[in-house]
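Participant: Build the 3D model from these lines:
(one chain, ligands or ions: 2)
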Amino acid sequence: MSLTANTNAQLIKEEALRLGFSDIGFAKAEHLAEEEPFLKQWLDNDREAGMSYMRNHFEKRVDPTLLVDDAKTIISVLLNYTPQTLQQDELAPRIARYAYGEDYHFVIKEKLALLLTFIQQTIFDDLQGRCFTDSAPLLDRAWAKRSGLGWIGKNTNLIHKKLGSYVFIGELVINKELPVDTPIQEACGGCTRCIDACPTKALLAPYQLDANKCISYLTIEHREELPIELKDQMSNWAFGCDICQEVCPWNWKARPTKEPAFQPHPDFISLSKDDWHALNEDSYRTLFKNSAIKRTKYRGLRRNLDFLK
Ligand code: SF4
Ligand code: SF4
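Facilitator: Ligands and ions are numbered 1, 2, ... in the order given. Sure, this is the predicted structure:
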């Protein structure tokens, strides 16, 4: 790559950090030849549970050049969401950290759109690109890994050496070549803390998640009744589950996010066990107006809360 290409890459990275992203990396847009067999096997074994959308657009999911015309580079960004404080009542039904603040989809999309405009105005005036955050058939962890931002841990999360795994991932797919970053070495070593700690044994083996048993999937995406055989294994989670991340040594030194949108609302963080169980639809709407918790709707959250009683 030329000096200009390296300078352009540097300008984009600096702007991403200025916009508040925690890290950024680049990968060549191409067929995910290595990852494709893993996804295929996971689906063949019905590990996706009710997330049948994972079966849709398989070809595009493993090849972004089929998703975006003339795709040349995937720009992956990370945004730390580690909260400054955790829920105050230790007996309160637990909410996954990622849902403490505002819905990340809006926060990341807005920043990605600003980054795209910056690249158009400063570097490539004929740039074509699209922004994604958990919003299209794109394997975000695979791209973040290829962009040198971390490795996929045995708990199947992306782990960044400094940030840990409490990070959101977003992508810009653009029609311009940029100097690509080098993937880093996997660093789980002999550790199996996440597998040992999973209360429902949803981590069948390293890198093998069975969503049918995963509290995170069941409390957020699952639309039916919760499996009665897991009633005593929910570890008090009402929305999501962070156990396989809490036990990960790479998260022990994670620094709190600087993103104002992800700061937990004081009214949410101070809800007691009794407050949660007494939550009605009106207070749910007010309290979680811009939150990712709305994903379950009141009915879903009420089902989860009742299941914990
Ligand atoms: S999120 Fe919870 S239930 Fe799912 S794999 Fe991790 S520890 Fe297990
Ligand atoms: S807990 Fe251990 S094995 Fe699991 S992701 Fe973290 S470092 Fe890897």
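Participant: I'd like to know how far the spatially most central residue of the chain sits from residue 291.
Facilitator: Closest residue to the average C-alpha location of the chain: residue 168 at 4.4 Å, with C-alpha atoms, centre = their mean. For residue 168, the distance to residue 291 equals 14 Å [C-beta to C-beta, to the nearest Å]. Where C-beta positions appear, they are placed from N, C-alpha and C, glycine not excepted.
Participant: again, but for residue 134
Facilitator: 15 Å.
Participant: Looking at those two, which is more packed in?
Facilitator: Each of residue 134 and residue 291 has its neighbours counted (other C-beta atoms under 10 Å); residue 291 has more, 20 against 14.
Participant: if I read this right, the more buried one contacts residue 99, doesn't it?
Facilitator: Yes. Between residue 291 and residue 99 there is a contact at 6.1 Å, judged by C-beta atoms under 8 Å.
Participant: Model confidence at whichever residue of the stretch 51-200 of the chain sits closest to ligand 1, what's the number?
Facilitator: Using C-beta to the nearest ligand atom, the single residue of the stretch 51-200 of the chain nearest to ligand 1 is residue 198, 3.3 Å away. pLDDT recorded at residue 198 is 98.
Participant: Please, which helix or strand holds the closest residue to it other than its chain neighbours?
Facilitator: Spatial nearest neighbour of residue 198, excluding adjacent residues (C-beta to C-beta, 6 or more residues apart in numbering): residue 244 at 5.6 Å. Assessed by DSSP states H and E, residue 244 sits inside helix 243-246.
Participant: For that helix, which residues meet the burial criterion?
Facilitator: 243, 244, 245 (16 or more other C-beta atoms under 10 Å).
Participant: can I get the CA coordinates of it in PDB?
Facilitator: Output in PDB follows, covering the C-alpha atoms of helix 243-246 (Å, rounded to 0.1, in the frame of the first residue of the first chain):
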ATOM      1  CA  ILE A 243     -21.900 -15.100  33.500                       C
ATOM      2  CA  CYS A 244     -19.500 -16.400  30.800                       C
ATOM      3  CA  GLN A 245     -18.100 -12.800  30.500                       C
ATOM      4  CA  GLU A 246     -18.000 -12.000  34.200                       C
END
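Participant: Show me what counts as buried in the helix or strand following that helix.
Facilitator: Note on helix 243-246: by DSSP H and E, the next helix or strand toward the C-terminus is helix 266-269. Residues 268, 269 are the ones in helix 266-269 that count as buried (16+ other C-beta under 10 Å).
Participant: Can you name the residues in contact with helix 266-269?
Facilitator: 85, 86, 87, 88, 95, 100, 287, 288, 291 (C-beta atoms under 8 Å, 6 or more residues apart in numbering).
Participant: and of the residues you listed, the nearest to ligand 2?
Facilitator: Using C-beta to the nearest ligand atom, these come closest to ligand 2 at residue 86, 19.0 Å.
Participant: what about the closest one, which SS state?
Facilitator: Under DSSP: H, G, I helix; E, B strand; the rest coil, residue 86 falls in the coil class.
Participant: Pull the contacting residues for it.
Facilitator: By C-beta under 8 Å, 6+ apart, residue 86 lies in contact with 97, 269.
Participant: Quick check on it: phi, psi?
Facilitator: phi -100, psi 170 (degrees, to the nearest 10).
Participant: Kindly report the same for the one 10 residues further on.
Facilitator: Geometry field for residue 96 lists phi and psi as phi -60, psi 140, criterion degrees, to the nearest 10.
Participant: Enumerate the residues of the stretch 201-309 of the chain near ligand 1.
Facilitator: The stretch 201-309 of the chain has residues 202, 203, 209, 214, 215, 216, 241, 243, 244 near ligand 1, with proximity defined as C-beta under 6 Å from any ligand atom.
Participant: ok, and the closest non-adjacent residue to the second one?
Facilitator: Counting by C-beta to C-beta, 6+ apart, residue 203 lies nearest to residue 195, which is 4.6 Å off, once chain neighbours are set aside.
Participant: count of residues packed around the one you found?
Facilitator: Other residues close to residue 195 by other C-beta under 10 Å number 19.
Participant: list the contacts for it?
Facilitator: Contacts of residue 195 by C-beta under 8 Å, 6+ apart are 154, 155, 203, 205, 206, 244.
Participant: quick one: pLDDT of the last one?
Facilitator: If I follow you right, that is residue 244. 98.
Participant: cool, the first one as well?
Facilitator: Each residue has a pLDDT score; the one for residue 154 is 98.
Participant: would it count as being in a helix?
Facilitator: No. Counting by three-state DSSP, residue 154 is not part of a helix but coil.
Participant: I figured it hits residue 190, correct?
Facilitator: No. Contact criterion C-beta under 8 Å: residue 154 and residue 190 do not qualify, at 10.4 Å.
Participant: out of these two, which sits in the more crowded spot?
Facilitator: Ranked by neighbour count (other C-beta under 10 Å), residue 154 and residue 190 place residue 154 first, with 22 against 4.
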